[in-house]
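>>> need the 3D shape of this:
(2 chains)
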Amino acid sequence: MSSMSGTAYASTLAAGEAFDERDDRRASRRRLGWTALVVAVMFLYPFVDQALGIGRLGSFMSIFVLIILAMGLNVVVGYAGLLDLGYAAFFAIGAYTIAFLTSPGSVFVQRGYVPDVLQNFWPAMLLAWLVSAIFGVILGAPTLRLRGDYLAIVTLGFGEIVPNFFYNAENVTNGTRGINPIGKPGTLGSGDFSLSFGPTDQRNWYWLMLLVGLLTVFLITRLYDSRLGRSWQAVREDEIAASSMGVNLVKTKLWAFALGASFSGFAGSVYASAFQYVHPSQFEFSTSVMVLAMVILGGIGNIYGVIFGGLLIATFDRILAEVLRDPVQSLGRSLNIGWLERHDLTSDRLLVFGLALVLMMLLRPGGLFPNARRRAELQPESDDVRVAEDQRLYDLRAKNEPALGERA
Amino acid sequence: MDFNSQLFVQYLIIGIASGALISLIALGYTLVYGIVELINFAHGEVFMMGAFAALTLVAATGVTGDSSAGAIIGVIALALLGAMVFSALLNFGIDRIAYRRLRNAPRLAPLIAAIGFSFILQNIGIYWHGSNPITPPSIIPAEYRAYNILNEWFDLETRIRLRPLDLAVLAVTIPLLVGLTWFVYRTRTGKAMRATAQDREAAALMGIDVNRTIATAFLLGGALAGAAGMIALYYNNAARFQMGFRYGLFAFTAAVLGGIGNLAGSVIGGLCIGIVWAMSDGFMKEYVPAWGAQWTPAVIFGVLVLVMIFRPSGLLGEQTVDKV
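I've put the predicted structure just below:
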């Protein structure tokens, strides 16, 4: 501020652009309060669920996993601007890694290839995280030179091949029979304060998932403000400009791919362990597109938007479609609308994802809660703006250049 | 192990027929990409909708293999034409509703919209014909079902089969390809398309209605996809709402292999992919016991990645430079 001349400062004030620090602090305190409230409600939900006999903890667990996936994909698509259509592949790789390491049904365990240490949940989870990141690099390294839309198709193909492999390499993956059971975390603590993760301890699983989700939020928000995060945004906005400012394009993109993939693998390992079962059908293309729809609906590049979008779509997918099916059908019966009566809401999932993508692109390309910078980028470059800018350029030139016949 | 030439020729025939089919779909990708640089992700589903339209049309006429020859030929022509018109209008409609509004948006916006449409169309496919594979009504007369042209026409003593269906695929595909080439290289609209592909703004300055030209590309691509849908319906004797995904991916690979934006390239790429597909489905099993059709998508994907890494411009394409 001190370097600013008095008049300029005054005019800024007059324009109402100066901010009141107190307001800012109050706003951030309010935001913190809301966050704390939401987190507290989520931590207490299992008691409500039990008291009211709702029995939806399992659905919420898978919703949390889907939201973690959406946050991870947001790193790749939202921050780095790389459209990854095969994101579920890394989810599958994480889930199968932990299954291979810890399940008594896995060939690797049966043949004694897995050291005992790794047959434990926690080390296996870390390894699943790492393996997914490595696969992210393996896919990314040869393909990141490709243009954005080509990259999308290559990742799509990868996302198609990975479940295809898990379906068909039967002697390793059990094919369509899947792998079950999968290693669980051991009991934490002892005595009255112990947390065990048996089949009846769904509540503990729920809390674990919630913690994992919060950890992901924390990591990703820190990542966004890091040097790497800023490089991602620079690359997303203009590759050429970024690289001439010294950003290493390949390294930056590879990190985005690896970290994005690692979150997916991480989510996959927890998911596999919580539901004690992996099956290739859980990781098909529609899962990738569902996660993409969450990111786009919520607000590409804005983590809170993505969480909200994820909540909307995952809730529809895992709870609403099922819960509303019967009411909708009985509504159809009472209104005597034949197709509504027979209509199965759970068969609308593809339509919902598709509509979310198309409508958001047409009406609100930045998502429901857009990241301010991302919104500016996604705004179609309108002719009016261009004309206005050009006009300004001409005006400036006219002012500085001597008129015809005038001496400079 | 000896080279089994009979089996090889057999799968070559299958490969050429399915390659012709893939070419038709690949041309739709290439036409659109050449002009608007958009991977029309919904194209595979437009193809699927063509197959579904043909299915509905044939079922509605009630013609079967026992009907008169005239009725059978009539219903084939009707279904082919119906599927072409339906898919063309569908593709045109999608462009009109969504892609046109996103012309000046960043490149990923129309691509994401296209993914959205692909899912919407799949869901419409479920509403239309359910989620299980459907066998079309049989319109091929019984005596032709096991007919082998090589035996009957040429008196060859061979176990290689060349079915009328294989020839029919080519009989439909080749005129369409010739017609398209004529259209693009010999008509005014075709010239406008090529001009728009080269430089949209310059074309507009020359008085070309760019939006109409782009719409023509979508109509043409859709019509070809519809024809391919009708052919695939009878060639595979099945249709399913998910059929567009795999065909779409294969056809896109073919378009990239041939050099996306290049019409001849799409046909060559399509034939290559068709032959690779057929060989991987059946021929490789002779030599590698664990090989089977389940690995074909992986093979095609491998081809796609290799082409993109080592020759992103494709076999016939020119080197394209990213515009700043």
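
>>> dump the residue contacts of B:Leu271.
B:Leu271 makes contact with B:Gly15, B:Ile16, B:Gly19, B:Ala20, B:Ser23 under the criterion CB atoms under 8 Å, 6 or more residues apart in numbering or on different chains. Any C-beta I mention is one placed from the backbone N, CA and C, and that applies to glycine too.

>>> tabulate the residues you listed (TSV), appending neighbour count.
Formatted as TSV, the entries for the contacts of B:Leu271 read as follows, by neighbours: other CB atoms under 10 Å in any protein chain shown:
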residue	neighbour count
B:Gly15	25
B:Ile16	18
B:Gly19	27
B:Ala20	25
B:Ser23	29
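
>>> look up the closest residue to A:Pro280, ignoring the ones flanking it.
In space, A:Pro280 comes closest to A:Phe166 once its chain neighbours are excluded; the distance is 4.0 Å by CB to CB, 6 or more residues apart in numbering or on different chains.

>>> same deal with A:Thr176?
Residue nearest to A:Thr176 in three dimensions, not counting chain neighbours: A:Tyr167, with 6.4 Å by CB to CB, 6+ apart.

>>> returning to what we had before: same list, the contacts of B:Leu271, but as TSV with distance to chain A and pLDDT please.
Below are the contacts of B:Leu271 laid out as TSV (distance: CB to the nearest CB, whole Å; pLDDT from 0 to 100):
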residue	distance to chain A	pLDDT
B:Gly15	20	94
B:Ile16	24	94
B:Gly19	19	95
B:Ala20	23	94
B:Ser23	18	95
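
>>> need the residues you listed in TSV (columns: secondary structure).
Listed next are the contacts of B:Leu271 as TSV, based on DSSP: H, G, I helix; E, B strand; the rest coil:
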residue	secondary structure
B:Gly15	helix
B:Ile16	helix
B:Gly19	helix
B:Ala20	helix
B:Ser23	helix
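
>>> for A:Ser244, give its distance to A:Tyr304.
Taking CB to CB, to the nearest Å as the measure, A:Ser244 and A:Tyr304 are separated by 33 Å.

>>> just want to know which of those two has more residues nearby.
Between A:Ser244 and A:Tyr304, A:Tyr304 has the larger neighbour count (other CB atoms under 10 Å in any protein chain shown), namely 15 against 9.

>>> pLDDT-wise, which helix or strand of chain B ranks last?
helix B:149-152 (a mean of 76; mean pLDDT, DSSP states H and E).

>>> now do whichever helix or strand comes after that helix, average pLDDT.
With elements assigned by DSSP states H and E, the helix or strand that comes after helix B:149-152 is helix B:164-186. When pLDDT is averaged over helix B:164-186, the result is 91.

>>> cool, and stretch B:312-324?
So the average pLDDT for stretch B:312-324 ends up being 61.

>>> same deal with stretch A:186-204?
For stretch A:186-204, mean pLDDT rounds to 73.

>>> now do the buried residues in it.
Neighbour-count burial for stretch A:186-204 flags A:Phe197, A:Gln202, A:Asn204 (criterion: 16 or more other CB atoms under 10 Å in any protein chain shown).

>>> repeat for stretch A:236-255
Buried residues in stretch A:236-255, counting neighbours by 16+ other CB under 10 Å, are found at A:Arg236, A:Glu239, A:Ala242, A:Val247, A:Leu249, A:Thr252, A:Lys253, A:Leu254, A:Trp255.

>>> nearest to chain B among those residues?
Taking CB to the nearest CB as the measure, chain B lies nearest A:Glu239 of the buried residues of stretch A:236-255, at 8.7 Å.

>>> so who does that closest one touch?
Shown here is A:Glu239, whose contacts under the criterion CB under 8 Å, 6+ apart are A:Leu249.

>>> how about the one 4 residues further on?
Contact analysis of A:Ser243 by CB under 8 Å, 6+ apart lists A:Val235, A:Leu249.

>>> please identify the helix or strand for it.
Secondary structure assigned from DSSP H and E places A:Ser243 in helix A:239-244.

>>> may I have that helix as PDB, with CA atoms only?
Below are the C-alpha coordinates for helix A:239-244, written out as PDB (Å, rounded to 0.1, in the frame of the first residue of the first chain):
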ATOM      1  CA  GLU A 239       1.100 -24.300 -21.500                       C
ATOM      2  CA  ILE A 240       3.300 -22.300 -23.600                       C
ATOM      3  CA  ALA A 241       3.400 -19.300 -21.300                       C
ATOM      4  CA  ALA A 242       3.900 -21.600 -18.300                       C
ATOM      5  CA  SER A 243       6.800 -23.400 -19.900                       C
ATOM      6  CA  SER A 244       8.500 -20.200 -20.900                       C
END
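
>>> next SSE downstream of that helix?
On the C-terminal side of helix A:239-244, the closest following helix or strand by DSSP H and E is helix A:249-275.

>>> that following helix: how far from the chain's middle?
For helix A:249-275, the gap between its own C-alpha mean and the chain's C-alpha mean amounts to 10 Å (CA atoms, centre = their mean, to the nearest Å).

>>> ok, now stretch A:209-218?
Here stretch A:209-218 is found 12 Å from its chain centre; the criterion is CA atoms, centre = their mean.

>>> and that stretch, C-alpha only, in PDB?
Output for stretch A:209-218, consisting of C-alpha atoms alone and laid out as PDB, is shown next (Å, rounded to 0.1, in the frame of the first residue of the first chain):
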ATOM      1  CA  MET A 209     -13.900 -43.300   6.000                       C
ATOM      2  CA  LEU A 210     -14.800 -39.900   7.200                       C
ATOM      3  CA  LEU A 211     -11.300 -39.400   8.600                       C
ATOM      4  CA  VAL A 212      -9.800 -40.500   5.300                       C
ATOM      5  CA  GLY A 213     -12.100 -38.100   3.500                       C
ATOM      6  CA  LEU A 214     -11.100 -35.200   5.800                       C
ATOM      7  CA  LEU A 215      -7.400 -36.100   5.400                       C
ATOM      8  CA  THR A 216      -7.900 -36.000   1.600                       C
ATOM      9  CA  VAL A 217      -9.500 -32.600   1.800                       C
ATOM     10  CA  PHE A 218      -6.700 -31.300   3.900                       C
END
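
>>> no further queries at this time; thank you.
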